[in-house]
Each structure stands twice: as structure tokens, then as C-alpha cells.
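[1] this one's sequence-less:
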């Protein structure tokens, strides 16, 4: 579309009235209606990195946007990237013989044959009542935890391994861009994993059999099947084991109470729509945060209360929809004179599965929002996210630490002692790991040789 008169052309395309209305009201209507017209593609791959893999949303010209949906379409349509000019086009082609004057139609949700999922994905164009569908979430079969994942090479005898040597310093290889200095005299840093006794890596590790060799064993800072905790689509399933599995019939809150209600939009779209519509019927707030489970660093995260937008966002890659914590605790930021959102980063160390041994690093860091928190402007990341690629916004990202947070927090929230809240947080950590170790792999963490008392006294 040409830039000149864009607002007027968008209003005409989307049947949004424009006369005698405030500009913000018109823009809000356009942003709501555009999810009936938006399309998406992504040209990146894993090697290109997170930013290059982000989806691109676009609106076709008037002709393309006027092509209607049909379950028996006469044409197919696909985006086409023309490399020499770095331009994208939409190309269409007939899928059957047509009579002169026959209407050009396409399927808005091609390749989706499941009838209930099709109805859910067609909601932006064809409203449908899903409230007769159960939104209960039974745990999927264990095979779900390993489906479409890289297979782990665990090998035999994971518990029957040689102990760490005690007659010399332990050789440690830290796989981090800026490795911290080792201050404990029991350890010495080495450059490669081949010469190390202990591998401490930030990458997901799968080749556990490679740790064996020549009567020795290399320890590593991971457990087999730990994707059940570290991957966003599996984590809610595991955490639900710590609760009753039921929803409160009045508030529709889930269980356990510390877990926001979460749905996998790839596998539970019908349940999500049903739950959304039940909340709507009860007049409950319906703000959700959508997270891709295959990206990180807040990439492609969206906050929305628009069911059409949420449904359409599932087209741009696998998404988890988590109930947004609308009544969040805030803390005052003196530098911007505003009450902002906060979240916490704790370090939890697991030493063994059976018996379960956990340590929590008592100091924690606090991440803060960058604008006054309000339940508005959901596309304003500086208001709603505490961690985002803010350097793109030229915003400094100052953090807080334990001693900087507790005193002002207690001053702003009289009657609440941090030590009580901290105890609840630690209890939550315990319940999460109890849930993760309650089932055998791949649905739970595998037994694995720990570094034992050597590291933890």
C-alpha cells in the first residue's frame, strides 16, 4: 500500500467508520479489525539467530485482502520472496478448473483438517461458541515430552560412574562468553571439554554417552530430560502436577495457585477458546501473554486481550498462552517517577533426583519495567515487559539486587515481610522439582550422578 492516505484506505478496507471520530478511536478500531486481514511469513532459520527468525506480519493490497474464505477454495495463495529486489509478493494459482466469472476464494487456514481446530482458527471471520468444550487439561501421554525433540543419547549405567578425583584439583571448562574467575582452590580452569572433569555449559546437552571413556567420567551441569523444565510448552504440564488439576468454578483460577493458567495453542486451541469465552461470560479480565516456546530473550512475545489477535498469532510459530498477571505487584522507580512491574531471578541448583537435593542461591536479582504500569497499551513493551531488547529503544536497563530491593519493597507494602514471601517462593521451587522428579523420563527428570557433597558443603 502507498503511504499517502493509508489510514483512509485501511478504514475503507476494514469497514471502519472515520467521520466525526477521534483519531485514537479510529486507530484502535483498525488495530482490532486488522487481524481479519493480516498475513504472516518468516524467512529465517535457527542458524540466523532469534531476531532474523521473527515473523513478519503484513496486509495485502485491496485485491488480495478482498479474497474471501472458502472450505472448498478455487485458488491457493502463498507469500513469495524475490531475492534480487528484496521484495515479497503474494502469488495465487487455481486448484481446479473455473468457469468464467467464478469467484476467487482461498482457504484461510490451509492444511488444518481437524474440524474443531479449524473452527477455532476461523474465529476471526466466523464466530463460534466453544463453551460446551471442556477446558480441563489432563496430562498428555509421555511420548508428548519427546515428540519433535532432539533425541538424547543417555546410554547405560548413569548411576554407576567413577567418583571425582580427590588427589588433585578438579579441571573445569566453563562454556560462557565471559567466564567468571574461579576463586575456590579446589578447581582450576581449562580451555576444552576434552581435558575437563566438569563441564559447565549454557547449551542444551544431549550426548551423555560421550561423557564416558577410559574408566573416567565427566560431570556436567545438566540432567537428562531436563527439557521438561526448560522448554516453555512442557513446563506448565509439569507444574500442574503440583496442584489438583481442577479450576475454581467461580474465579476460574487454576491449580497450583502460583501457576498462571497456560494453554499450548498448537495442541489446546479449542480448550483455550473455551476458557477465554467462559471468562468473558463471567466478566473476568481476559489479558494474556503469548510466548513462543522456541525463542528466547522476549522475542515475539505479545500481550493481548483480543481473541482474534491471539488466534492469529498462533500462525507465526508455536505459542504458549499464559494468563497475564493483571494485578501485579509494582515498585516505585525514582528515576522515572513511576510504579513499575518487577520480576525476580533466582538461581536454583539441583544436585540429585533420588534423593531430591536442591539449593537456592539466597541473593537474587530484580528486573523492572520502564514505564508506569497500567493495564493498557498492551503493545508497549516498556510498560509490560521487564526484560526486552531495550537497547533497540535506547533505554538504559538498570537492575536491582537483594539489598536494594527488600527495604523499599517493605516500605511500599506495609504488613508484608519479604522473608515470608521468600519462604513461599522457595516452597514453590521445591514443588516444581518434586513434580519434575515424580515421573520417569521423558515426562520427568532422569536419575543422574550428582557432584555430591564435594561441591555442596
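    Thanks, I have it. Worth saying up front: this structure is predicted, and the values here are computed from it rather than measured. Numbers count the residues shown, from 1 in each chain.
[2] Could you list the domains of this protein?
    Recorded structural domains for the chain (assignment: automatic domain parsing) are 6-112, 328-457.
[3] so which of these is the most packed in?
    For these, the largest average neighbour count (mean count of other Cβ atoms under 10 Å) is found in domain 328-457, namely a mean of 15. To be clear about C-beta, it is placed using only N, CA and C from the backbone, and glycine gets the same treatment.
[4] average pLDDT across it?
    Taken as a whole, domain 328-457 has an average pLDDT of 84.
[5] what's the answer for stretch 10-19, then?
    86.
[6] how about the domains of the chain, which one is nearest residue 194?
    Ranking the domains of the chain by proximity to residue 194 (Cβ to Cβ) places domain 328-457 first, at 19.4 Å.
[7] re earlier: could you dump the domains of the chain to a markdown table with distance to residue 262?
    As requested, the domains of the chain are arranged in a markdown table below (distance: least, Cβ to Cβ, whole Å):
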| stretch | distance to residue 262 |
| --- | --- |
| domain 6-112 | 21 |
| domain 328-457 | 14 |
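[8] Which residue ranges of the stretch 201-350 of the chain form helices?
    Taking DSSP state H, counting those that start in this stretch as the criterion, the stretch 201-350 of the chain carries its helices at 227-230, 235-240, 269-281, 307-313.
[9] Relative to residue 197, how far out is residue 205?
    Look at residue 205 and residue 197: by Cβ to Cβ, to the nearest Å, they are 16 Å apart.
[10] Wait, residue 436 touches residue 229, no?
    Yes - look at residue 436 against residue 229 with Cβ atoms under 8 Å: they come within range, at 5.3 Å.
[11] where do the contact lists of these two overlap?
    Residues touching both residue 436 and residue 229 (Cβ atoms under 8 Å, 6 or more residues apart in numbering) are 238, 445.
[12] For residue 229, give its distance to residue 77.
    40 Å.
[13] re the thing from before, how about a markdown table for the helices of the stretch 201-350 of the chain, with distance to residue 103 and mean neighbour count added?
    Below are the helices of the stretch 201-350 of the chain laid out as a markdown table (distance: least, Cβ to Cβ, whole Å; neighbours: other Cβ atoms under 10 Å):
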| stretch | distance to residue 103 | mean neighbour count |
| --- | --- | --- |
| helix 227-230 | 47 | 19 |
| helix 235-240 | 43 | 20 |
| helix 269-281 | 29 | 21 |
| helix 307-313 | 24 | 22 |
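[14] Quick one: those as CSV, columns for distance to residue 293 and mean pLDDT too.
    Below are those laid out as CSV (distance: least, Cβ to Cβ, whole Å; pLDDT from 0 to 100):
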stretch, distance to residue 293, mean pLDDT
helix 227-230, 10, 92
helix 235-240, 9, 97
helix 269-281, 15, 98
helix 307-313, 13, 96
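[15] and the next element down the chain from the host helix or strand of residue 58?
    Residue 58 belongs to strand 56-59 when elements are defined using DSSP states H and E. Next along the chain after strand 56-59, taking DSSP H and E as the criterion, comes helix 62-66.
[16] and the longest helix along the chain, what other elements does it pack with?
    Longest helix in the chain, counting residues (DSSP state H): helix 418-436. On a contact count with 3 or more Cβ pairs under 8 Å, 6 or more residues apart in numbering; DSSP states H and E, helix 418-436 meets helix 227-230, helix 235-240, strand 338-352, strand 357-368, helix 402-412.
[17] one more time with 7 Å
    helix 235-240, strand 357-368, helix 402-412 (3 or more Cβ pairs under 7 Å, 6 or more residues apart in numbering; DSSP states H and E).
[18] Need the contact partners of that helix.
    Here helix 418-436 makes contact (Cβ atoms under 7 Å, 6 or more residues apart in numbering) with 228-229, 238-239, 241-242, 256, 258, 348, 350, 356, 358, 360, 406, 409-410, 444-445.
[19] Return the distance of that helix from the chain's centre.
    21 Å (Cα atoms, centre = their mean, to the nearest Å).
[20] With stretch 5-20 instead?
    How far stretch 5-20 lies from its chain's middle: 34 Å, per Cα atoms, centre = their mean.
[21] Need the residues that contact that stretch.
    Taking contacts as Cβ under 7 Å, 6+ apart, the residues outside stretch 5-20 that touch it are 1, 26, 29-30, 33-34, 37, 62, 65.
[22] Let me know the closest of those residues to residue 366.
    Taking those together and measuring to residue 366 by Cβ to Cβ, the closest member is residue 34, at 36.3 Å.
[23] Now the closest one: phi and psi?
    The phi/psi pair for residue 34 (degrees, to the nearest 10) reads phi -70, psi -20.
[24] number of nearby residues for the closest residue to residue 138 other than its chain neighbours?
    Residue nearest to residue 138 in three dimensions, not counting chain neighbours: residue 245, with 7.6 Å by Cβ to Cβ, 6 or more residues apart in numbering. For residue 245, the count of nearby residues is 14 (other Cβ atoms under 10 Å).
[25] so residue 370 sits right up against residue 382, yeah?
    Yes - in this structure residue 370 lies within contact range of residue 382 using Cβ atoms under 7 Å: 4.2 Å.
[26] Just list what whichever strand or helix holds residue 39 packs against, helices and strands only.
    Per DSSP H and E, residue 39 falls inside strand 38-41. Secondary-structure packing of strand 38-41 (3+ Cβ pairs under 7 Å, 6+ apart): strand 56-59.
[27] one more time with 8 Å
    strand 56-59, strand 75-82.
[28] possible to save these as a markdown table with mean pLDDT?
    A markdown table is the format used below for those (pLDDT from 0 to 100):
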| stretch | mean pLDDT |
| --- | --- |
| strand 56-59 | 90 |
| strand 75-82 | 91 |
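[29] would TSV of those strands with distance to residue 428 be doable?
    Shown next, in TSV, are these (distance: least, Cβ to Cβ, whole Å):
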stretch	distance to residue 428
strand 56-59	36
strand 75-82	44
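[30] out of these, which comes closest to residue 280?
    Each of these has some distance to residue 280 by Cβ to Cβ; the shortest is strand 56-59, at 25.0 Å.
[31] What pairs with the strand holding residue 39, parallel or antiparallel?
    strand 56-59 (antiparallel) (DSSP bridges).
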